[in-house]
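Novice: Pasting the sequence and the predicted coordinates here, then a few questions.
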Amino acid sequence: MTGLLGVIGDPVAHSLSPYIHNQWLRENAIDAVYAALEVKAGELADSLASLRAHEAIGLNVTLPHKEEALRLAASASDTARRIGAANLLVPTAEGAWHAGNTDAPGFALTLDYGDISVDGREVFLLGAGGSARAVADVLSQRGARLTLCNRTMARAEALALDLAPAARILSLEQGLRQIHRASLVVNTLSLGHGGGTLNLPQSAGGTFYDISYGKGAAAAMAEARRQGWRTLDGLGMLVAQAALSFEAWFGVTPDLAAAHVRARALLEATQ
């Protein structure tokens with residue numbers, strides 16, 4: 001029987017994960033299909049139970065479900081527990097789910113590939129959700145002088161308490177007024193998916209890294225370029241975390257570089 005994998009989220013129709021994973025499944029002669037699965041807020045528990053009953057062989061999780069996915073899993077990796085969010089689910093022999101997090105190592109790989117050093121440098125992180133927690137964990141461990149900016153400061157304070165105790169906490173408005181001096185800005189806010197953007201100031205030579213890609217990142221990236229920021233989107237992080245997920249499910253390390261080239265070409269052709 002053909003196996004089922006997929007990415008759960010809302011919105012999720014834009015995701016390139018099916019394109020990336022289905023190519024890897026074909027290359028490795030694995031009889032499975034990977035699909036985008038739209039699951040609304042409040043429906044995750046029922047959806048996971050149904051997918052497990054239908055013997056799904058692996059899932060990725062994206063916004064807004066990463067923190068709830070960890071709570072619903074029967075077990076979790078040390079990384080997922082520390083971060084407090086899961087983007088990877090692996091079925092267990094007992095009929096439940098084991099949670100993992102490949103966002104953090106995926107983000108770390110993009111810093112390495114992009115030759116972006118954060119040690120001792122001023123880094124602003126926008127947002128405090130599940131993806132932001134993975135990013136904050138990496139930045140804190142790598143010695144960034146971290147400022148957390150979020151509309152709801154209590155969420156940013158909770159993130160700092162868990163993962164980045166030395167970080168400054170600012171409201172999003174306060175952060176945007178000071179962000180011009182940052183060496184790196186990482187945007188994890190999902191406002192681009194709803195047509196929103198940021199009021200970015202002129203850069204003093206820093207990098208603006210939006211972990212979204214395609215239409216979800218287009219407005220913020222265009223604004224950043226107008227203001228003199230070097231820009232980087234989240235496609236590399238998507239491919240890296242996908243490869244780590246694929247390895248967790250099948251014990252096979254796929255070709256990241258070729259997947260990134262294919263995904264970039266598809267993204268550019270459809271924009």
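Specialist: Received the coordinates, thanks. Residues are numbered from 1 along each chain as shown.
Novice: just for this structure, where's the confidence low?
Specialist: Within the chain, the ranges that satisfy pLDDT under 70 run 192-195.
Novice: quick one, strands of it?
Specialist: 3-9, 32-38, 58-61, 75-76, 88-91, 97-100, 122-126, 145-150, 168-171, 184-187, 207-210, 230-232 (DSSP state E).
Novice: buried set for stretch 174-188?
Specialist: 175-176, 179-180, 182-188 (16 or more other CB atoms under 10 Å). C-beta coordinates here come from the backbone N, C-alpha and C atoms, glycine included.
Novice: Repeat that for stretch 138-150.
Specialist: 138-140, 142, 144-150.
Novice: And stretch 167-176, by the same measure?
Specialist: Buried residues in stretch 167-176 (16+ other CB under 10 Å): 167-170, 172, 175-176.
Novice: And for stretch 75-89?
Specialist: Within stretch 75-89, the residues scored as buried using 16+ other CB under 10 Å are 76-77, 79-80, 82-89.
Novice: Those in helices, which ones?
Specialist: Using DSSP state H, 79-80, 82-83 are the members of the buried residues of stretch 75-89 that sit in helices.
Novice: which one is A74 nearest to, not counting chain neighbours?
Specialist: Excluding the flanking residues, the one nearest A74 by CB to CB, 6 or more residues apart in numbering is A96, at 3.6 Å.
Novice: hang on, the earlier thing: I'd like the buried residues of stretch 138-150 laid out as CSV, including distance to L266.
Specialist: Output for these, formatted as CSV (distance: CB to CB, whole Å):
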residue, distance to L266
V138, 27
L139, 30
S140, 34
R142, 31
A144, 32
R145, 37
L146, 34
T147, 35
L148, 34
C149, 32
N150, 32
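Novice: Just give the number of residues close to A128.
Specialist: The tally of other residues near A128 (other CB atoms under 10 Å) stands at 26.
Novice: what about it, distance to S47?
Specialist: 25 Å (CB to CB, to the nearest Å).
Novice: Tell me how far the nearest residue to S77 once chain neighbours are set aside lies from A69.
Specialist: Closest residue to S77 apart from its sequence neighbours, by CB to CB, 6+ apart: G100 at 4.5 Å. Relative to A69, G100 is positioned 10 Å away (criterion: CB to CB).
Novice: any shared contact partners between these two?
Specialist: Residues within reach of G100 and of A69 at once, by CB atoms under 8 Å, 6 or more residues apart in numbering, are 86-87, 89.
Novice: From those, pick the one nearest R230.
Specialist: Top of the list for closeness to R230, among these and by CB to CB, is N87 at 26.4 Å.
Novice: Isn't the closest one up against A104?
Specialist: No. N87 is not in contact with A104 according to CB atoms under 8 Å; the separation is 9.2 Å.
Novice: what touches both of these two?
Specialist: A134.
Novice: which parts of stretch 217-232 are buried?
Specialist: So stretch 217-232, judged by 16+ other CB under 10 Å, has buried residues 217-221, 223-224, 229, 231-232.
Novice: Check stretch 260-271 too.
Specialist: For stretch 260-271, by 16+ other CB under 10 Å, it's 260, 262-264, 267.
Novice: and the closest residue in space to G228 that isn't next to it in sequence, what does it touch?
Specialist: In space, and not counting its chain neighbours, G228 is closest to S203: 4.4 Å by CB to CB, 6+ apart. Counting by CB under 8 Å, 6+ apart, S203 touches 180, 224, 227-230.
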